[in-house]
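S.K.: fold the following and give me the result.
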Amino acid sequence: MKSSVCEGADPKGTGHYKTGTGPVRIAVIGAGLIGLTHLKIIRRELLCEIVALVDPMPAAATVAAEQGIPCFSDHVRMLEAVKPDGVVIATPNALHVPVGLACAERGVHMLVEKPIADTVEAAQTLVEAAERAGVELLVGHHRRYNPIIRKARDIIQSGGIGRLTAVTGQCLMQKPENYFDMAWRRQAGGGPVLINMIHDIDNLRFVCGEIATVQAVSSNAVRGFAVEDTAAAIIGFANGALATLTISDAVATPWSWDTTAGEVPYIRSYREICYFFAGTEGGLSLPKLQLWSYKGEKGWGAQLSMDQHQVDAADPQTMQMRHFCRVIRGEEKPVITGADATRTLAATLAVKEAAETGCSVNVFG
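M.R.: Here you go, the predicted structure:
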């Protein structure tokens, strides 16, 4: 980022967090949609306080003034002047690593929005820098904090459906035409694989286990952009389970996590299903958390029973921010580290590679 046009000073100048000294002091770098979402969450949380906003766009200065916080257009100047305890990095993807490296150099903990980086190599550079500096590096795969996903993980990993065998995942939705007014969304790197499917891949990794192999095909037949609008992947897990995952942002259906889980206020939600997990002793559907199994005799002629699991509702983004604060305070271990998120990135990039080459790709193989 370039030199600041809206320089501010830390009004408190309290330095880095110390146990028992008050709210965790957090700065947000990037004032786009997700950055402003984080800012709103920080403002209403007792565990933390917002101490700075960084973005070179003039609109950021207006937002900062409304919030009564200093605004910077340069992240290095902010880090030196404010010395926050932690930062949320919500910049364009290409800036995640250089901004993160600057934070690591100054001993500042990070919550980096997904994807952690553009490439696996760049991600590993940031992970290694954070480890050397002794700072926490979390990545914003916020769906891991959704009680539905956490319950599904508990059921499957505790053997609640027997041996996991097959998974079907769907991310099928229709983005409005004005979504593509931003040119980068029509170009390489801007398609639904890297923007949306990465969330589904992380969900499946978190619930099912490590991904070993990927095969895939993609198409841009609907919109004709340089980037795909539809893709389908066959995923092989290290535990032997297989998954099919299909994505399209050009179809009129309600079958995606965003349109079924009710996480995003501006996306209409429906009581439908987007994930099916099948095991030797039962099957689980999400987000409904319906668990199907035989209570006695087994086989297709026998009666299947359905148990409805319930969880308390919670906003995953809010839960993520609370967790970030507790990690900084040394009270919790990260739910998703930089190294873990790098594996999600590798599996997602493997979908792109497999679709382009027509070959099966070994993830970290």
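S.K.: low-confidence stretches in this protein?
M.R.: Counting by pLDDT under 70, the chain shows low-confidence ranges at 1-21, 365.
S.K.: helices of that one, start to end?
M.R.: All helices of the chain, identified by DSSP state H, fall at 33-44, 58-67, 75-82, 96-105, 120-133, 147-157, 192, 198-208, 257-260, 316-328, 338-357.
S.K.: now do the buried residues in the fourth one.
M.R.: So that's helix 96-105. For helix 96-105, a neighbour-count test (16 or more other Cβ atoms under 10 Å) marks 96-100, 102-104 as buried. Bear in mind the C-beta positions are built from the backbone N, C-alpha and C, glycine included.
S.K.: of the residues you listed, closest to I198?
M.R.: Each of these was checked against I198 using Cβ to Cβ; the closest is H96, at 13.2 Å.
S.K.: about what we covered before: the buried residues of helix 96-105 into a markdown table, with extra columns for distance to A166?
M.R.: A markdown table is the format used below for these (distance: Cβ to Cβ, whole Å):
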| residue | distance to A166 |
| --- | --- |
| H96 | 34 |
| V97 | 36 |
| P98 | 41 |
| V99 | 40 |
| G100 | 37 |
| A102 | 44 |
| C103 | 41 |
| A104 | 41 |
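S.K.: let me know the closest of those to F277.
M.R.: For these, the nearest to F277 is H96 (31.3 Å; Cβ to Cβ).
S.K.: list the contacts for the residue lying closest to E49 once chain neighbours are set aside?
M.R.: Excluding the flanking residues, the one nearest E49 by Cβ to Cβ, 6 or more residues apart in numbering is P23, at 4.3 Å. Contact analysis of P23 by Cβ atoms under 8 Å, 6 or more residues apart in numbering lists 46-49, 325.
S.K.: for I41, same thing?
M.R.: Contacts of I41 (Cβ under 8 Å, 6+ apart): 317-318, 321.
S.K.: among the residues you listed, who's most crowded?
M.R.: M321 (27 neighbours; other Cβ atoms under 10 Å).
S.K.: and the gap between the residue nearest to it when sequence neighbours are not counted and A231?
M.R.: Of all residues not flanking M321 in the chain, I41 sits nearest, at 4.9 Å (Cβ to Cβ, 6+ apart). I41 sits 31 Å away from A231, taking Cβ to Cβ, to the nearest Å as the criterion.
S.K.: who's in contact with stretch 216-232?
M.R.: 180, 185-193, 197, 233-234, 244-251, 350-352, 354-355, 358.
S.K.: give me the nearest residue to S269, chain neighbours excluded.
M.R.: G262 (4.0 Å).
S.K.: hang on, the one you found packs against R271?
M.R.: No - using Cβ atoms under 8 Å, G262 is not in contact with R271, being 9.5 Å away.
S.K.: of those two, who's got more company?
M.R.: A count of neighbours by other Cβ under 10 Å puts G262 above the other of G262 and R271, at 17 against 9.
S.K.: residue nearest the middle of the protein, spatially speaking?
M.R.: For the chain, the residue nearest the mean C-alpha position is H141 (2.2 Å; Cα atoms, centre = their mean).
S.K.: need phi/psi at it.
M.R.: Per-residue torsions, H141: phi -90, psi 80 (degrees, to the nearest 10).
S.K.: could you find the closest non-adjacent residue to it?
M.R.: H141 sits nearest to D202 (Cβ to Cβ, 6+ apart), 4.4 Å away.
S.K.: isn't that neighbour up against V139?
M.R.: No - counting by Cβ under 8 Å, D202 sits too far from V139 to count as a contact (9.0 Å).
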